[in-house]
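**Student:** structure of the sequence below:
(one chain, ligands or ions: 2)
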Amino acid sequence: MTKIAPSILASDFSKLGEEIKDVERGGADYIHVDVMDGHFVPNITIGPLIVDHIRPVTDLPLDVHLMIENPDQYIEAFAKAGSDIITVHQEACPHLHRTIQLIKSHGVKAGVVINPATPAETIRPILQDVDLVLLMTVNPGFGGQSFIHSVVPKIEQISQWREEEELSFEIEIDGGVKVETAKLCTDAGADVLVAGSAIFNQEDRKKAIEEIRQSSE
Ligand SMILES: O=C(CO)[C@@H](O)[C@H](O)COP(=O)(O)O
Ligand SMILES: [Fe+2]
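**Tutor:** Ligands and ions are numbered 1, 2, ... in the order given. As a prediction, the model looks like this:
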């Protein structure tokens, strides 16, 4: 069954705890937390303090997507705040292997993410070391953007390498995922779908989650 990871970026931050409980009741598998620093991406969102505050609100894994420069500097803080998965951008990590090991050294699952224009080959050497590969289907920085279809062959490529090399990382897709685009992702090999606006902009979040999951299968 496809895992669904609602992105709280599209939630109402004035009642963040309630929003998280709502999607947990609605059948979410992960809570996706978008961390932006105003440097790596042209937007600023949340830091470890918010992760620390939402940790007691949910039993779901917190899937923390770091869109920040120099992530090494903040990994310990995000780990201590209660992250279950920390994902770093290949484009922000000159020493990617070291950064992945740093995440793991804190007992947290490690993921790597690439932007739509970054080739799959750039993360091939690290595939054996990661728990999750996140493929962006929008340019990171904002919710509510349109799915970039040219990323689909990259999902297939990563999925093929996973099979050939007998690896077990999850493939997660992020950006513009909704009922119309979900099956393109899972047909190509995705296991986890992040969705922000397609879930939080709907009155009935349970229905929104179920519809995305059903459309993907
Ligand atoms: O990381 C990001 C954006 O940079 C995403 O997680 C978005 O928050 C997804 O939002 P939608 O495209 O689903 O509205
Ligand atoms: Fe994200």
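
**Student:** what segments of this structure are strands?
**Tutor:** With DSSP state E applied, the chain shows strands at 3-6, 31-36, 62-67, 85-89, 109-114, 132-136, 170-174, 192-195, listed in chain order.

**Student:** which strands border the last one, and is each parallel or antiparallel?
**Tutor:** Spelled out, it's strand 192-195. strand 3-6 (parallel), strand 170-174 (parallel) (DSSP bridges).

**Student:** buried deepest among these, which one?
**Tutor:** strand 3-6 (a mean of 26; mean count of other CB atoms under 10 Å). (C-beta placed from N, C-alpha, C; glycine too.)

**Student:** C-alpha coordinates for that strand, PDB please?
**Tutor:** This file holds the C-alpha atoms of strand 3-6, laid out as PDB (Å, rounded to 0.1, in the frame of the first residue of the first chain):
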ATOM      1  CA  LYS A   3       2.500   5.500   2.100                       C
ATOM      2  CA  ILE A   4       1.200   9.100   2.300                       C
ATOM      3  CA  ALA A   5       3.200  11.800   3.900                       C
ATOM      4  CA  PRO A   6       1.200  15.000   4.400                       C
END
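
**Student:** what about it and ligand 1, any contact?
**Tutor:** No. Figure legend: strand 3-6 not in contact with ligand 1 (CB under 6 Å from any ligand atom); closest approach 8.4 Å.

**Student:** do that strand and ligand 2 meet?
**Tutor:** No. Against ligand 2, strand 3-6 shows no contacts by CB under 5 Å from the ion, the least distance being 8.6 Å.

**Student:** coming back round to it: just put the strands of the chain in TSV and tack on mean pLDDT.
**Tutor:** Shown next, in TSV, are the strands of the chain (pLDDT from 0 to 100):
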stretch	mean pLDDT
strand 3-6	98
strand 31-36	98
strand 62-67	98
strand 85-89	98
strand 109-114	98
strand 132-136	99
strand 170-174	98
strand 192-195	98
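
**Student:** of the ones you listed, give the one that comes closest to residue 52.
**Tutor:** The minimum distance between residue 52 and those falls on strand 62-67, with 10.3 Å, by CB to CB.

**Student:** closest one to residue 187 among the strands paired with strand 192-195?
**Tutor:** That would be strand 170-174 among the strands paired with strand 192-195, by CB to CB, at 11.5 Å.
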